[in-house]
Structure formats: C-alpha cells, structure tokens
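1. Need a 3D model of the sequence below.
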Amino acid sequence: MTACKRLPVIFLVAALLNCAGPMVRPLEPVAPEWLLVQLDNHISRIRTFQGHARITLVTSDGPMQGTLDVTVKMPDSLWLKVEGPLGVDMMTGHMAGETMVLYSPWEDRVYRGSVKRMQQLQLLPLFTGGSSLVSAVIGLPKPEAYVPDLVESLVPDEDKYTMDLGTGEEIWIEPGGLVSRWEQKDEQGKVTWRWEGRSFQTSRGIRYPKLIRLTTYQPSQRISIFYQRVRFNRSLKPDWYELNIPEGVMSIEL
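-> Predicted structure coming up:
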C-alpha cells in the first residue's frame with residue numbers, strides 16, 4: 001500500500017479518536033487534608049461577591065419563579081432579595097454570622113433569629129448541613145469543621161474525588177478545590193438532601209458554578225439558582241446590608 005492510499009485510513013483513525021474525546025489521566029490518590037486545603041485556598045481568594053440570578057422554587061404547592069440578588073462579604077455576611085413573578089417583593093434578608101433578619105413584604109412580617117432556627121422552621125429554602133449558608137449560595141460549599149479521622153474514605157472517581165465523611169454525608173470534589181455534589185443520607189441510606197453545582201465558569205480567575213440546585217426530600221422541594229451576572233472582589237458601599245423595613249411591621253423573634 002502506498003503512502004497516498006494509507007492517508008484515508010490515517011484520517012479515519014484520527015477522526016475516531018477525536019470523536020472519542022481526549023484521553024483523561026486517572027486522578028492520583030491524595031490525602032483528605034490536601035484536598036480540603038484546596039477547597040480553603042479557592043474560597044479564600046474571595047473577599048466579596050455580587051450576583052443576580054433566576055430562581056425557581058418547586059414545592060408541594062407548585063413552582064414559583066423569580067429573581068435573586070445576592071451580596072456577600074466573606075466570610076459570613078450576606079444580603080439577599082427575592083422577587084417573585086411580575087417583580088413582587090417576596091423577601092429581603094441580612095445575615096451576619098449565625099444571626100439573620102428576614103423581612104417579608106408578602107406577609108408583612110419580620111423574622112429575627114438564628115440561621116439554624118430559620119432553617120428548622122423552613123423559612124429558608126436552603127439547608128446545607130455541614131457547610132455554611134454563605135459558601136453554598138455562591139456555589140463554593142465546604143465543610144465547616146474537619147477532623148481527618150472522621151473521613152471514612154476518599155476515592156478517585158473518574159474525574160473527581162468522592163469523600164465519605166462518615167456521618168451519612170458524601171462530597172464529590174473536583175481537582176482545583178470545587179464541590180460539584182454534596183448529599184446527606186439517613187440511617188436507611190435514603191438521600192435527605194442534595195446540593196449540586198453545574199455549568200462551571202471562571203471570572204477574575206475564580207471558578208464557580210452558574211447553576212446551583214438544592215433538593216430536599218423531607219419536605220420535598222427543589223430550589224434552582226442560575227446566575228446571570230456575578231462580580232467578585234468589588235468594593236461594597238457602607239450601607240450594602242441595610243434593610244428597608246417600614247414602621248409598624250409585626251416582628252417575630254424565633
């Protein structure tokens with residue numbers, strides 16, 4: 001066979017290889033401590049976060065769509081506003097540490113209390129277990145506390161690592177310090193909630209998911225946040241966290 005006759009065969013092989021995609025090198029086993037340091041290093045680059053997103057909430061009462069505006073000052077301060085269909089002001093909130101204030105013009109009420117208590121009362125449609133609310137909202141959750149001896153296993157799983165925390169929680173961590181999935185199971189092995197990050201993008205050298213989805217099963221509900229605009233490490237106005245609460249609104253301490 002001449003060289004000219006071999007060319008079509010070479011092109012066919014090259015085409016098949018391209019269709020199959022590039023070969024991915026298997027992930028190397030690493031220590032849990034090293035992987036969690038990657039998570040910390042990634043999120044430590046963020047000082048402030050501002051985002052505008054479409055939000056969809058699906059509950060037993062049906063779906064609700066609207067918009068979400070989020071401002072964050074790391075590590076634990078957050079302001080958010082949720083507008084429903086036709087721009088109806090559903091909720092505005094501010095969190096500092098473990099304390100949160102939620103103002104609902106829809107109910108004409110103000111709720112004041114701890115983040116944990118508001119999650120227990122289902123006033124917040126986000127429950128993130130061992131990760132902080134702030135990091136989960138911006139798409140970069142990580143364990144709040146870590147004891148190496150409690151990690152039952154850390155297994156390379158195709159293009160990411162699967163970490164079993166030994167408490168019914170499993171985390172899927174991608175190289176570079178990104179969580180793409182986090183779920184909690186009960187004693188019977190059923191998933192009680194699942195956090196997912198998808199459609200990863202990069203802005204100012206910081207990689208984040210444009211789509212965040214949290215599904216809970218007790219009660220059954222799903223919230224999806226699709227960020228249309230994000231800004232990292234911009235200066236914030238001194239009054240960025242203020243809530244405009246009218247006088248006379250009923251205030252409830254939780």
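
2. Contact partners for residue 209?
-> Residues counted as contacts of residue 209 (C-beta atoms under 8 Å, 6 or more residues apart in numbering) are 139, 178, 180, 197, 198, 199, 200, 201. Using the backbone N, CA and C atoms, a C-beta is placed for each residue, glycine as well.

3. how close does the closest residue to residue 181 other than its chain neighbours get to residue 105?
-> Nearest-residue entry for residue 181: residue 172, 3.9 Å, with adjacent residues in sequence omitted and distances by C-beta to C-beta, 6 or more residues apart in numbering. Going from residue 172 to residue 105 by C-beta to C-beta, to the nearest Å gives 38 Å.

4. beta partners of the closest residue to residue 242 other than its chain neighbours?
-> Leaving out its chain neighbours, the residue that sits closest to residue 242 by C-beta to C-beta, 6+ apart is residue 94, at 7.8 Å. Legend: beta-bridge partners of residue 94 under DSSP bridges are residue 79, residue 101.

5. circling back to that earlier point, could you check which of residue 172 and residue 105 has the larger neighbour count?
-> Per other C-beta atoms under 10 Å, whichever of residue 172 and residue 105 has more neighbours is residue 172, with 18 against 15.

6. What strand or helix carries that one?
-> Secondary structure here is read from DSSP states H and E; on that basis residue 172 sits in strand 169-174.

7. And the average pLDDT for that strand is what?
-> Per-residue pLDDT values across strand 169-174 average out to 88.

8. Specify the next element, helix or strand, located C-terminal of that strand.
-> Elements were assigned by DSSP H and E; along the chain past strand 169-174, the next helix or strand is strand 178-185.

9. Could you tell me the angle between that next one and strand 169-174?
-> If you take axes from the mean of the first three to the mean of the last three C-alpha atoms, to 10 degrees, strand 178-185 sits at 160 degrees to strand 169-174.
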